[in-house]
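S.K.: my questions concern the predicted model and sequence given below.
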Amino acid sequence: MDLQTFLANFDTIAEAPNGIPKLRSLILDLAVRGKLAPQNLEDEPLEKILKQVKLKKEKLVEGKKLRRDVQFPDIKDTEVSFEIPSSWTWVRLQDIALKITDGEHLSPNKASSGVPLLTAKNVLEQGLSFNNIQYISAKDAQKSRLRCDPEFGDVLICSRGTIGRTAIVDTIDLFCLMGSVILIKPSEAILGEYLKHYLSKESTRTLLQRMSGATAVKALYLKDVISCPIPLPSIAEQKRIIKKVDELMALCDRLQAAKQTRDNLRQKLRGSAINSLMKAETDEELKKGWAIVRDNWQTLSQKPEDVDDLRRSVLQLAMRGKLVSQSIDDENIDALLIKAEQYQPKYKPSEKDYVADTINDSYFTFYELPKSWKWLRLRELSSSMANGLYKPASFYSDEGIASIRMFNIQNGHLLLDQLKRINVTNEEYSTYQLAYGDIVVNRVNSRELVGKSAIVDVVNEPMVYEAMNIRVRLIPSVTFPHYINLVLLNGSSRKLFFNVAKQASGQASVSQPQVGSLPIPFPPLAEQKRIVAKVDELMQMCDRLEESLCQSQQRAEALAASAISQLAI
């Protein structure tokens, strides 16, 4: 691989998902393999400068200013993972450092001023952070600096927390280090920027993290760091590498900024297109808005998850009566409600329940509905509500009846491929059976998931539902169950359950009175069916758009992977 091949594939990799971070990783990888900058036979030989460093360290040892290096065996092929140019050499980190030590294990005083004491949290890839720092007294600082004296150009490695994160000291201000940071003072044989590039390389970070062990509290120790193998080029080549890395990283910065600008523009255009849909007053405006979205969504979006905005808008339009036309031929709601009076709902919360445990008007924002619609509570449209069956684990068996659990409720539908089965009596089955058109509402879950629902639209075998769920059985000839299921899926309903759920022991719960008092934007029965048909049509369009974006993303990833493989690293 030569540099021209790499640069020729630069844009292809950058445009792939997560492409720019991949580019940054590749740049560092190529740099420390000797493939980013040319070698030059006129560079000063490494043997000369390494010998000078060794003599300098011997004098420091004799003057008792430095401990003698630990003796390690020569670096074996098994310790390195790639080949380097013939003019380079593998050295251990201690061979090209004047000092490697960690900070002090001090208990900082609680003073609001003094000498800054930096921990691993203050060592960031982009440099040191002096935000939210601790302080130690000048006396403690003086003792600390006898052991660890950070100076401009030194390299710092986190030995706790995000192990292996590296930064260069870029300040001349006085500060000290805690024991969670390891300090490396480079010798004349290596430049701090080059050392940081190698230590920041993904595989090196992985190596350092692996050195930290598999214990509960991971830590990187000096004995492991000092023996770390380093690929060393001449100082002149290190300078060329640093210059090229800086140049390409700056190009990555520009590409990332341009990408962010494009993404921001896409987001604004997508928001504008969806806003036009939401504000459409006539069928013609709505039709035109959908055509704009459908024909331009590839331009308006980049990620498959962007389609979720469109799905939410479909439901919001449906719940506001803006998705299909109203018809004067539809049976009016008052007539439907007269029909409903013949049903005597078994679900009758007490007056106390209504006062203490229902959703009142203050929890919900009521918006204007078409004239043929009405706001009703879910309990007014239900013939019954009931919590599910609880039985101990010993009653579950492969021969039992299918039991619907909260895990089977996903995105408004029942997932029936991973059913648990339970042994029930005839009486229990009669009480807890699920029928076509029932809606199952999850009443106990995490706060984000409580209140999720699914319609029973497939009954291939007898089914019951477990105690974590509520069965809502709707009044026939008045409601179209699929429409009520859409209301429960709508963002405003999900937000409402999130807000009113009671939290206890790490789980949230909603009650029958709360579910029953959910506000329902209620249209005539015929319109309910038209809405469901239109939502199904538009959701299928959303699925196609999402699939198209997934395919585009996969093609981009494949192109990037192909380009990376051609680099022959």
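M.R.: Sure, I can see it.
S.K.: going by C-alpha atoms from here, please, whenever you check contacts or count neighbours.
M.R.: Fine.
S.K.: could you tell me how far Thr171 is located from Thr119?
M.R.: 16 Å (CA to CA, to the nearest Å).
S.K.: Arg254 now?
M.R.: Counting by CA to CA - Arg254 and Thr119 are separated by 32 Å.
S.K.: and for Ser227?
M.R.: 23 Å.
S.K.: one more: Ala257?
M.R.: Distance, Ala257 to Thr119, using CA to CA: 31 Å.
S.K.: which SS class is the residue lying closest to Asn423 once chain neighbours are set aside?
M.R.: Excluding the flanking residues, the one nearest Asn423 by CA to CA, 6 or more residues apart in numbering is Gly400, at 4.5 Å. Assigned by DSSP: H, G, I helix; E, B strand; the rest coil, the conformation of Gly400 is strand.
S.K.: quick check: Gly400 touching Leu419?
M.R.: No. Gly400 sits out of contact with Leu419 when judged by CA atoms under 8 Å, with a separation of 10.5 Å.
S.K.: part of a helix, is Arg311?
M.R.: Yes. Per three-state DSSP, Arg311 lies within a helix segment.
S.K.: picking that back up, more neighbours: which of Ser227 and Thr119?
M.R.: Thr119 (22 against 18; other CA atoms under 10 Å).
S.K.: leaving out sequence neighbours, find the closest residue to the more buried one.
M.R.: Nearest to Thr119 is Met178, by CA to CA, 6+ apart, at 5.3 Å.
S.K.: which residues are in contact with that neighbour?
M.R.: Asp102, Gly103, Glu104, His105, Leu106, Leu117, Leu118, Thr119, Ala120 (CA atoms under 8 Å, 6 or more residues apart in numbering).
S.K.: again with Met468
M.R.: Applying CA under 8 Å, 6+ apart, the residues near Met468 are Asn387, Gly388, Arg405, Met406, Asn442, Arg443, Val444.
S.K.: between the contacts of Met178, which is nearest Leu486?
M.R.: Nearest to Leu486 among the contacts of Met178 is Ala120, at 49.3 Å by CA to CA.
S.K.: quick check on that closest one: phi, psi?
M.R.: Main-chain dihedrals, Ala120, degrees, to the nearest 10: phi -60, psi -30.
S.K.: ok, it touching Ser180?
M.R.: Yes. Contact criterion CA under 8 Å: Ala120 and Ser180 qualify, at 5.5 Å.
S.K.: identify the contacts common to the two.
M.R.: Shared contacts of Ala120 and Ser180, counting by CA under 8 Å, 6+ apart, come down to Cys158, Ser159, Arg160, Gly161.
S.K.: quick check: which of those residues has the minimum pLDDT.
M.R.: pLDDT across the shared contacts of Ala120 and Ser180 is lowest for Gly161, at 82.
S.K.: so how far is Gly103 from that one?
M.R.: For Gly161, the distance to Gly103 equals 15 Å [CA to CA].
S.K.: which of these two has more neighbours?
M.R.: Gly103 (22 against 16).
S.K.: which stretches of the stretch 451-569 of the chain form helices?
M.R.: In the stretch 451-569 of the chain, the helices defined using DSSP state H, counting those that start in this stretch lie at 481-489, 491-500, 512-516, 525-566.
S.K.: out of those helices, nearest to Ala167?
M.R.: So among the helices of the stretch 451-569 of the chain, helix 525-566 is nearest, using CA to CA, at 27.5 Å.
S.K.: thought His482 was touching Ile531?
M.R.: No. With contact defined as CA under 8 Å, His482 does not count as touching Ile531 (9.6 Å).
S.K.: so those two - more neighbours on which side?
M.R.: Ranked by neighbour count (other CA under 10 Å), His482 and Ile531 place Ile531 first, with 25 against 22.
S.K.: show me the shaky parts of the protein.
M.R.: Applying pLDDT under 70 to the chain flags the ranges 1-3, 106-111, 209, 211-217, 343-359, 563-569.
S.K.: can I get the helix or strand containing Thr12 in CSV, CA atoms only?
M.R.: Assigned by DSSP states H and E, Thr12 belongs to helix 10-15. The C-alpha trace of helix 10-15 is given here as CSV (Å, rounded to 0.1, in the frame of the first residue of the first chain):
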residue,chain,number,x,y,z
PHE,A,10,-10.2,8.7,1.8
ASP,A,11,-13.6,10.1,0.7
THR,A,12,-15.1,6.6,0.3
ILE,A,13,-14.3,5.6,3.8
ALA,A,14,-15.3,9.0,5.2
GLU,A,15,-18.9,8.7,3.8
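S.K.: ok, then the element right after that helix?
M.R.: Where DSSP H and E defines the elements, the next helix or strand beyond helix 10-15 is helix 19-31.
S.K.: now do the buried residues in that next one.
M.R.: For helix 19-31, a neighbour-count test (16 or more other CA atoms under 10 Å) marks Gly19, Ile20, Leu23, Arg24, Ser25, Leu26, Ile27, Leu28, Asp29, Leu30, Ala31 as buried.
S.K.: separation between the closest residue to Leu128 other than its chain neighbours and Asn131?
M.R.: Leaving aside its chain neighbours, Leu128 sits nearest to Asn122 (5.8 Å; criterion: CA to CA, 6+ apart). Asn122 is 8 Å from Asn131, where distance means CA to CA.
S.K.: those two - which one has more neighbours?
M.R.: The neighbour comparison of Asn122 against Asn131 (other CA under 10 Å) goes to Asn122, with 19 against 9.
S.K.: wait, what's in contact with the residue nearest to Leu128?
M.R.: Leu128, Ser129, Phe130, Asn131, Ile133.
S.K.: for the residue positioned nearest the centre of the chain, helix, strand, or coil?
M.R.: Nearest to the geometric centre of the chain sits Glu305, at 12.1 Å (CA atoms, centre = their mean). The local conformation at Glu305, judged by three-state DSSP, is helix.
S.K.: that one contacts Glu546, correct?
M.R.: Yes. Using CA under 8 Å, Glu305 is in contact with Glu546, at 7.5 Å.
S.K.: quick check: nearest residue in space to Gln256, chain neighbours excluded?
M.R.: In space, Gln256 is closest to Ile20, 6.9 Å off (CA to CA, 6+ apart).
S.K.: report the separation between the one you found and Leu207.
M.R.: Ile20 is 23 Å from Leu207, where distance means CA to CA.
S.K.: before we move on, what about Asn460?
M.R.: Using CA to CA, we find Asn460 at a distance of 54 Å from Leu207.
S.K.: with neighbour numbers in mind, choose between the two.
M.R.: Neighbour count, other CA under 10 Å: between Asn460 and Leu207, Leu207 has more, with 14 against 7.
S.K.: what's the spacing between that one and Leu199?
M.R.: Where Leu199 is concerned, Leu207 sits at a distance of 10 Å (CA to CA).
S.K.: for the helix holding Thr12, packing partners?
M.R.: With contacts taken as 3 or more CA pairs under 8 Å, 6 or more residues apart in numbering; DSSP states H and E, helix 10-15 sits against helix 19-31, helix 525-566.
S.K.: possible to save those helices as CSV with distance to Val478?
M.R.: Output for these, formatted as CSV (distance: least, CA to CA, whole Å):
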stretch, distance to Val478
helix 19-31, 54
helix 525-566, 6
